[in-house]
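K.L.:
fold the following and give me the result.
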Amino acid sequence: MLRGLAGFNKDWLRSDIPAGLSIAAVGLPSAIAYPAIAGLPPETGIYASIVAPIAYAIFGPSKLLIVGPDAATMTVLAAAMAAIIAAEPAAASVDRVAIASALALGVGVFCILAKLLRLGVLASFLSRPILVGFFAGVSLSILVGQISRFTGVKIESDGLLAPVVEILSKAALIHWPSLLFGLAMFALLWIVKALDLKIPGPVLVVVISVVLSALFDFRRHGMAVVGDIPSGFPSFSLPAVHQMPLSQLVLGSAVIFLVSFGAGIVTARSFGSRTGEEVDANQELIGLGAANIAPGLFGSFPISMSDSRTAINLSTGGVSQLAGLVSAATLVAALVFLHSALRILPIPALAAILATAAISLIDVQELKKIWHISRMEFVFALIAMWGAISFGVLNGVVVAVAATFVYLLRKTMFPRDGLLGHIEGRHGFFDLTRFPDARPVEGAAVFAIQGNILFYNADYVRTRLTTVAKELAAGTKCFVLDASAITHVDSTGAVALDAVADALAERNIVFAIADLSQESRDVLERAGVIKKIGTHNLFNGREEALRALIGNSAEQ
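P.N.:
Here you go, the predicted model:
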């Protein structure tokens, strides 16, 4: 506990107080805007931005990471809430805040369970290319979701293209002052970014929008505004979880956890590489779990590690979690003293902030980088993006995870292999297909497999080995399998190697295995493969095998 404040001294105040004020200034507009993605009242975002940093400061391991609402997590939350609401009886009253709070508690519980089971590796289930593609798809969903807020027209359709078609058919209903004002604020955000002004764009938009709304009474002219926001600190409340469909609640919490934690660890490691701070995924589970349970107990929603808030913390010189606590205190003050100003904030201004945040999720440079590095990974990024767009965000997560596993299987299903030989005057063994100067070992064949032999690739490995065995030159006395890169062989793999042993025996070629791991040896022993080839044909290395079998190590 309190690792983010360890070693505190009063000199930190000079850095952490300005950093905390900056985090609050940047976080307030998004805290008000992001809840709209899930149809939640704006105060829930402020509550999350207050209690989550406090919880993380107590339980989180990092000194510099700042947690809070983020657009991607909110989009997944919206999809999870829609699934829960759809599963409710038609006559049941819907309490969206209670559902969001229950999901936040569920995400926190998943974090704690994952920590207890040491499943920090779950963060790797969504690879960087998959996340980049998925967030690009999410961004398009967020953009489409702002049509109603920009135009003042209620949109009934779901999906990507249907809302666009609907707004075109309802063009006569568009509230043009709202649309023009929203587009003007959207343009202002990009101008601020292009000019690299010191004042954050969202802060400028909120200030200008509130001032203009007060001067010209936007609400009286038909423009939607935020409306009443409760003042003061959020109150403790426990959502009625027992009244909600458990299966949908668990599934929604799991999906939000996976996306939130996966993206959060990418953020943590990205900033950790800049500051030299080590990131322990299992320890971060405790901090993230607490930072989700707290909003769940104070009428709010799931959060993640915030890249924008963390970037502000670093750029303004924050040195500890005191900056997050100062930010939380500042937002409490904003609720007390500024709620009357925030209530006249125009909804089109929030739409502009959300649209800008959505576009920032499309990492074009990273997509170009992925395209340059690996065309296959780029394809999987597009699959993840397509899943989020075509199947909805919640199912899009399933598509993204499935794409990750398909990619993983594709990479391991066909392990790299090849016959090895030696090059005159050089030490070691070389792949005959990669090095034209390499020559086979006279009287022997050395074959390397760089990967495990498991049920899904065992047939491929068996076919490769038996094919090579049949094509060996006459006079070959032994076949040495270099198993140094094989860490695991399962029962199906053992059957495959048994078939290889039979194929070699038919040609009176000795089958030897070099550098076999103890775990794989135990499996092959129980399967009877070791007995078939003989324990005397197991060696510690290729050189030892060749010296014993042909009296020549083939080393130069």
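K.L.:
what's the local residue count around Glu424?
P.N.:
Residues lying near Glu424 (other Cβ atoms under 10 Å) number 8. Just so you know, the C-beta spots here come from the backbone N, C-alpha and C atoms, and that holds for glycine as well.
K.L.:
tell me where the stretch 351-500 of the chain has strands.
P.N.:
Under the criterion DSSP state E, counting those that start in this stretch, the stretch 351-500 of the chain contains strands at 416-422, 430-431, 439-440, 444-450, 478-482.
K.L.:
out of these, flag the one nearest Met1.
P.N.:
With distances scored as Cβ to Cβ, the stretch of these nearest to Met1 is strand 444-450 (44.5 Å).
K.L.:
so which bits of the worst-scoring helix or strand of the chain on mean pLDDT are buried?
P.N.:
In the chain, no helix or strand scores lower on mean pLDDT, DSSP states H and E than helix 392-413, which sits at a mean of 79. Buried residues in helix 392-413, counted by 16 or more other Cβ atoms under 10 Å: Gly392, Val393, Leu394, Gly396, Val397, Val399, Ala400, Val401, Ala403, Thr404, Tyr407.
K.L.:
then stretch 182-195?
P.N.:
So for stretch 182-195, counting by 16+ other Cβ under 10 Å, buried means Gly182, Ala184, Met185, Phe186, Leu188, Leu189, Val192.
K.L.:
circling back to that earlier point, can you give me how far the least confident helix or strand of the chain is from the chain middle?
P.N.:
12 Å (Cα atoms, centre = their mean, to the nearest Å).
K.L.:
one more: stretch 289-307?
P.N.:
17 Å.
K.L.:
ramachandran coordinates for Val153?
P.N.:
Dihedral pair for Val153: phi -100, psi 130, per degrees, to the nearest 10.
K.L.:
quick one: contacts for it?
P.N.:
Contact analysis of Val153 by Cβ atoms under 8 Å, 6 or more residues apart in numbering lists Ile147, Ile167, Lys170, Leu173, Ile174, His175.
K.L.:
quick check: helices, which of those residues are part of them?
P.N.:
Among those, the members falling in helices (DSSP state H) are Ile147, Ile167.
K.L.:
could you export the contacts of Val153 as TSV, including distance to Ser327, neighbour count and pLDDT?
P.N.:
Shown next, in TSV, are the contacts of Val153 (distance: Cβ to Cβ, whole Å; neighbours: other Cβ atoms under 10 Å; pLDDT from 0 to 100):
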residue	distance to Ser327	neighbour count	pLDDT
Ile147	32	19	94
Ile167	37	19	94
Lys170	41	14	94
Leu173	40	11	95
Ile174	38	15	96
His175	35	18	96
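K.L.:
just checking, what packs against the least confident helix or strand of the chain?
P.N.:
The helices and strands touching helix 392-413, judged by 3 or more Cβ pairs under 8 Å, 6 or more residues apart in numbering; DSSP states H and E, are helix 71-87, helix 128-145, helix 246-275, helix 375-390.
K.L.:
return the alpha-carbon coordinates of it using PDB.
P.N.:
What follows is helix 392-413 as a C-alpha-only set of coordinates in PDB (Å, rounded to 0.1, in the frame of the first residue of the first chain):
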ATOM      1  CA  GLY A 392     -20.500  -4.200 -32.300                       C
ATOM      2  CA  VAL A 393     -17.900  -3.300 -29.700                       C
ATOM      3  CA  LEU A 394     -18.700  -6.100 -27.300                       C
ATOM      4  CA  ASN A 395     -18.500  -8.800 -30.000                       C
ATOM      5  CA  GLY A 396     -15.600  -6.900 -31.500                       C
ATOM      6  CA  VAL A 397     -13.600  -7.700 -28.400                       C
ATOM      7  CA  VAL A 398     -14.300 -11.400 -29.000                       C
ATOM      8  CA  VAL A 399     -13.200 -11.000 -32.600                       C
ATOM      9  CA  ALA A 400     -10.100  -9.200 -31.500                       C
ATOM     10  CA  VAL A 401      -9.200 -12.000 -28.900                       C
ATOM     11  CA  ALA A 402     -10.000 -14.700 -31.500                       C
ATOM     12  CA  ALA A 403      -7.800 -12.900 -34.000                       C
ATOM     13  CA  THR A 404      -5.000 -12.800 -31.500                       C
ATOM     14  CA  PHE A 405      -5.200 -16.600 -30.900                       C
ATOM     15  CA  VAL A 406      -5.400 -17.300 -34.700                       C
ATOM     16  CA  TYR A 407      -2.300 -15.200 -35.200                       C
ATOM     17  CA  LEU A 408      -0.500 -17.000 -32.300                       C
ATOM     18  CA  LEU A 409      -1.500 -20.400 -33.700                       C
ATOM     19  CA  ARG A 410      -0.500 -19.400 -37.200                       C
ATOM     20  CA  LYS A 411       3.000 -18.400 -35.900                       C
ATOM     21  CA  THR A 412       3.400 -21.700 -34.000                       C
ATOM     22  CA  MET A 413       1.600 -24.100 -36.200                       C
END
